[in-house]
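In: Sequence first, predicted coordinates after that:
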Amino acid sequence: MKRPVTPHAEVLVSDPRWRAALGDVERLVRQSCQMTQRYGNVFPQGRPGPSFVFTDDRHIQRLNAQFRSKNKPTNVLTFEPPAPMLGGDIILAYQTMHREALQARKSLRAHTAHLIVHGLLHLAGHDHHHPGEARQMEGLETFILCRMGFGDPWRPRPHSRR
């Protein structure tokens with residue numbers, strides 16, 4: 001029986017709003033890594049896990065401009081490791097993710113777990129540039145998140161009546 005491997009993942013929380021909103025950020029990262037490894041087998045043996053940076057829109061906008069030539073904030077950036085024995089980086093922006101979670105009518109915790117899993121799958125070589133790739137990656141994200149107790153991240157949430 002194959003046992004899931006949880007790599008050592010470094011977590012830096014530079015914006016305190018993340019802790020106020022999510023509490024134990026490291027626990028959510030650990031759970032997301034464990035489940036993504038279990039169902040997506042994303043961490044090759046002996047390779048360390050990625051570093052996670054929980055930051056703000058200003059910081060991620062600078063990175064997005066520098067590395068993607070897009071001078072605007074984004075929800076998450078994933079950086080491949082510069083060398084095979086490094087784990088890569090996943091950087092998440094509080095304001096953008098908070099706004100997206102509200103618009104999608106889901107919890108910030110669920111949205112954060114989704115984008116952690118999404119980033120981990122990118123580091124494992126998954127992509128969504130073509131329809132077939134996108135369907136495969138979205139299906140795996142949904143499968144993993146449902147096993148974590150979250151709903152389908154791609155299903156629209158109903159608007160509440162008032």
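Out: Perfect, thanks for sending it. Residues are numbered from 1 along each chain as shown.

In: So, low pLDDT: which residues of this structure?
Out: Low-confidence segments of the chain (pLDDT under 70): 1-8, 44-46, 84-85, 129-131, 156-162.

In: repeat that for 80
Out: Within the chain, the stretches with pLDDT under 80 are 1-9, 40-49, 82-86, 126-134, 154-162.

In: and the residue nearest the centre of the chain, what does it touch?
Out: By Cα atoms, centre = their mean, the chain has its centre lying nearest to Ile116, at 1.7 Å. Ile116 is in contact with 28-29, 32-33, 36, 52, 90, 92, counting by Cβ atoms under 8 Å, 6 or more residues apart in numbering. Glycine gets a C-beta too; all of them are placed from N, C-alpha and C.

In: let's see it at 6 Å
Out: Counting by Cβ atoms under 6 Å, 6 or more residues apart in numbering, Ile116 touches Ser32.

In: again with the one 10 residues further on
Out: When contacts are counted by Cβ under 6 Å, 6+ apart, His126 is found next to Met137.

In: how about it, secondary structure?
Out: The local conformation at His126, judged by DSSP: H, G, I helix; E, B strand; the rest coil, is coil.
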